[in-house]
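A.B. asks: Everything below, folded, please.
(chains A and B)
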Amino acid sequence: MSDLKAKLGLNVFKPLSAPHIKIKAGMERDPRLKAAVRGCPAGLYSVNEAGEFVLTIDGCLECGTCRIACGTEVLEWGYPEGGAGIQYRFG
Amino acid sequence: MEKFDVIIAGAGLAGLAAAWTLAGEGIEVVVLERGDYPGSKNVSGGRLYLNPVRDLFPGLWEEAPLERAIVREGATLMARNRSFTFHYTGSELRAEKPQSYSVLRSKFDRWLSERVEERGAMLLPKSLVSDVIRENGKIAGVIAGGDELRADVVIACDGVLSLIPEKAGLRSPGRAHDNAVGVKEIIRLDPSVINDRFNIGDSEGAAHLFAGDITKGLFGGGFLYTNRDSVSLGLVVSIEDIAKEEAAGDVPGLFEAFKARPEIEPLIRGGKTVEYGAHVIPEGGYRALSRLYGDGILVAGDSAGFALNLGFTVRGMEYAMASGHYAARTVIEAKKAGRYDAATLAVYQKLLEESFVLHDFKTFQDTPRVLSNPHLFGHYPELMGNLLRDLYTVPAGPKSSIFTTLRRHLTLSQLWTILKDAREVTKI
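C.D. replies: Reported below is the predicted structural model:
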């Protein structure tokens, strides 16, 4: 996991004013979120001690995998506002 | 409130290609891009096939910041503990006008956007389109950064998630079955090291695809493209499969294991990773395409689903550029007629059907299903690896005849499996 953090640290991110993806209220235990834990390339989804899925938005690559994998019933999904978030230098 | 002839949402290859063609005809066009600059939100494996699009954009290519002309192709079947590789090269790949180049999108898209601006298009970076404006049942513009922008027609080039066509009612959200996730690292290496490791000259490039145990039997595979002073190393996995198959682990873990394979590690040894990117890739082919037009709206590029995985070739960028071009041609015709309703914009579908774009999508409509056969990602790599192991092994004692070795692996039931799968191959 620390390797992944280091890799994400190589990217250029511009600060977000607010998280652009959120687990919808009441959906924190929805099993559909398991797909994001395995599918998120940045490893941003995890399960906490209470058995709830948690999303940390820092490092988001804006790839869209979680929207496709989990769906919009469980995720409130949007892109960051213009000029925020990842700025690929190679792409 | 501002009104334009055309609003293009997204300054990727589809959007920029549309703007390039429209601006060349003197049509007033604005391109909205959510990133700091075009290319800042784009990730591709990184290979552009030029033949299909060269003539659609005359004069564009001479100065284009393409990385290396691909003169060497390779593919590897990865079994758990062994692998089988072939290489292909030929004089046709070293032709005066090479058929394909490795590309880094942040460089290429940014450069293309400058050419588009030179031709008179307006580019608005840092502008996220959050919704469409509907009036009398037609799309009349977009909301970007809280502002209303109006136009006769909107071209949605907003990428694979296709949120604008979704808001416009042209499609439902993308399904896990029709999409894969791609992750990749840009690994910096000295150009002379790249030349030596991949048997290529200056400005020549190599492309290599990998399939098998690296995705733990899930649909997908790896890729490696050489750039000028870096390699793009990536892994693609079906989102449906990774969601279902717990045993495969997670995407970052699969990618690290791929990088550590003895077939890969020596190729990137001493290299320095400078970026880690990821993107969803449309994999559904013809049957998963979005509706391509509606009243006041056209859809191009990944947003329409224009990417095709044909096993040996994986294509998207030229479909994006061509669909952007034909969307622009449609708008030029619509402007002459002064009408932007769906019936008028339907000419877009016709132009795409007459071009290589929908020709290819129809030709290869069964390919995604056939290529998702799990045997390709586990059974056959293992079979091939085991067969080669026994052919090459010299034991301490006597060695079996070649025919005995072949028959040990190619049993009747094995041949029956191959025959059944081979019948499917007639459809790709």
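
A.B. asks: Now do the SS call for A:Val37.
C.D. replies: Assigned state for A:Val37: helix (three-state reduction, DSSP: H, G, I helix; E, B strand; the rest coil).

A.B. asks: What residues of the top helix by length along chain B count as buried?
C.D. replies: In chain B, with assignment by DSSP state H, the single longest helix is helix B:317-337. Using 16 or more other CB atoms under 10 Å in any protein chain shown as the test for burial, helix B:317-337 gives B:317-332, B:334-335. C-beta: built from backbone N, CA, C; applies to glycine.

A.B. asks: Could you do stretch B:45-65 as well?
C.D. replies: Within stretch B:45-65, the residues that qualify as buried are B:Gly45, B:Gly46, B:Arg47, B:Leu48, B:Tyr49, B:Leu50, B:Pro52, B:Val53, B:Leu56, B:Phe57, B:Ala64, counting by 16+ other CB under 10 Å.

A.B. asks: which ones among these are found in strands?
C.D. replies: Those of the buried residues of stretch B:45-65 mapping onto strands are B:Arg47, B:Leu48, B:Tyr49, per DSSP state E.

A.B. asks: Going by distance to B:Ile70, which of the residues you listed wins?
C.D. replies: B:Arg47 (6.8 Å; CB to CB).

A.B. asks: what sits opposite that closest one in the beta ladder?
C.D. replies: Applying DSSP bridges to B:Arg47 gives these bridge partners: B:Ser102.

A.B. asks: And it, how far from chain A?
C.D. replies: 13 Å (CB to the nearest CB, to the nearest Å).

A.B. asks: Tell me the confidence at that residue?
C.D. replies: Looking at B:Arg47, its pLDDT is 96.

A.B. asks: Contacts only, for it.
C.D. replies: Residues near B:Arg47 by CB atoms under 8 Å, 6 or more residues apart in numbering or on different chains: B:Ile70, B:Ser100, B:Tyr101, B:Ser102, B:Val103, B:Ala207, B:Tyr225, B:Val314, B:Met317.

A.B. asks: how close does the residue nearest to B:Asp241 when sequence neighbours are not counted sit to chain A?
C.D. replies: Closest residue to B:Asp241 apart from its sequence neighbours, by CB to CB, 6 or more residues apart in numbering or on different chains: B:Leu218 at 3.8 Å. To chain A, B:Leu218 is 11 Å away according to CB to the nearest CB.

A.B. asks: Next, count neighbours for B:Leu218.
C.D. replies: Applying other CB atoms under 10 Å in any protein chain shown, we find 24 residues neighbouring B:Leu218.

A.B. asks: same deal with A:Lys34?
C.D. replies: So A:Lys34, with other CB under 10 Å, has 17 neighbours.

A.B. asks: Pull the contacting residues for it.
C.D. replies: Going by CB under 8 Å, 6+ apart, A:Lys34 touches A:Phe53, B:Ala243.

A.B. asks: Look at it and report its pLDDT.
C.D. replies: For A:Lys34, the predicted pLDDT is 97.

A.B. asks: quick one: it is in a helix?
C.D. replies: Yes: assessed by three-state DSSP, A:Lys34 belongs to a helix.

A.B. asks: Just the endpoints, please. Distance across stretch B:132-149?
C.D. replies: Stretch B:132-149 has its terminal residues 9 Å apart, counting by CA to CA, to the nearest Å.
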